[in-house]
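Q: Got a predicted model here, sequence first, then my questions.
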Amino acid sequence: MSDLHLVDVPVPGGTAEAHLSLPPGGHGPGVLLVMDAIGLRPQIAAMCERIAGWGHVVLAPNVFHRDGTVAELAPTEDLHTPEGREAVMGRAMPRVRALTSDLSRPDVEAYLAALRGLDAVDDGPVAVTGYCMGARIALRAAGDHPDVVAACGGFHGGGLVTDEPDSPHLSVATARAELVFGHADHDGSMPPEAVATLGAALADAGLTATNEVYPDAPHGYTMADTAMYQEAGAERHYRELEALLSRRLGGAPAGG
């Protein structure tokens, strides 16, 4: 696990804390990482550090900034136990439901502006990658900011396809990014018919995209601090994300 390095990001109505990871060379293309429902914590920092090691500047905001600070929302239970994870998720789900798209979309605009305004971030497009409910936010970011977001990843995302008029999958119609999705197997929040609907939308939009189900991977498979972690799925996600970022963003070499 990695320590959090928190910076303040201006958002509508206040500020949001965000973890910032810098690459070995000190600069590079920007990546916005949208956390899972459990929140901004050392596991998210560790993921940011790994991505930064590929030559990117990574910013991971506390998307629940309206509900409390990172310290106030930090899980105290042992997430490695099913009971501990369930207790934390019980507290998190009201926050997830309250973060509607009319709130998250202006926040994302602010996060992207803050990321691109960092001295360490190279000029040019950025990427967004999201986890769990963060995949919904990442996908909408790609659709809302097609001139800025060149790559979008979504891993064990839930609710990417709904019957609502703001369903995240509708955002592919206006996106121009390359998209990579790694769905959890047997995931009630993203069943096979939803994966197929997302795939059809991607095809209709003519986007370069990967839309695959990772075998035997539970929802939350990337999160090494929880009972849902699956090493095979997590490592596949890192490989596919690194390749996506390399194709679309490049990166600053170590020491460069």
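A: That came through, no problem.

Q: Now the residue nearest the centre of the chain. Nearest residue, chain neighbours left out?
A: The structure's the chain has its C-alpha centroid closest to residue 130; by Cα atoms, centre = their mean the separation is 1.6 Å. Distances taken as Cβ to Cβ, 6 or more residues apart in numbering place residue 138 nearest to residue 130, at 3.1 Å, with adjacent residues excluded. From N, CA and C alone the C-beta is placed, and that goes for glycine too.

Q: do you know how far that neighbour is from residue 151?
A: Distance of residue 138 to residue 151, computed by Cβ to Cβ, to the nearest Å: 10 Å.

Q: for residue 92, same thing?
A: Taken as Cβ to Cβ, the span from residue 92 to residue 151 is 27 Å.

Q: Settle it for me: which of those two has more neighbours?
A: Under the criterion of other Cβ atoms under 10 Å, the comparison of residue 92 against residue 151 puts residue 151 first, with 24 against 21.

Q: So for that one, what pLDDT did the model give?
A: If you check residue 151, the pLDDT there is 98.

Q: List the beta-bridge partners for it.
A: Note on residue 151: beta-bridge partners by DSSP bridges are residue 127, residue 178.

Q: right, and it touches residue 177 too?
A: Yes. The pair residue 151 / residue 177 is scored as a contact, 5.4 Å apart, by Cβ atoms under 8 Å.

Q: Report the set of residues contacting both of those two.
A: 127-128, 248 (Cβ atoms under 8 Å, 6 or more residues apart in numbering).

Q: Only whichever of these are buried, select them in PyMOL.
A: Buried members of the shared contacts of residue 151 and residue 177, defined by 16 or more other Cβ atoms under 10 Å, are picked up in PyMOL with:
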select buried, resi 127+128+248
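
Q: Now tabulate the shared contacts of residue 151 and residue 177 in JSON lines and tack on pLDDT.
A: Shown next, in JSON lines, are those (pLDDT from 0 to 100):
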{"residue": "127", "pLDDT": "98"}
{"residue": "128", "pLDDT": "98"}
{"residue": "248", "pLDDT": "97"}
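
Q: Distance of residue 112 relative to residue 137?
A: From residue 112 across to residue 137, the span is 11 Å (Cβ to Cβ).
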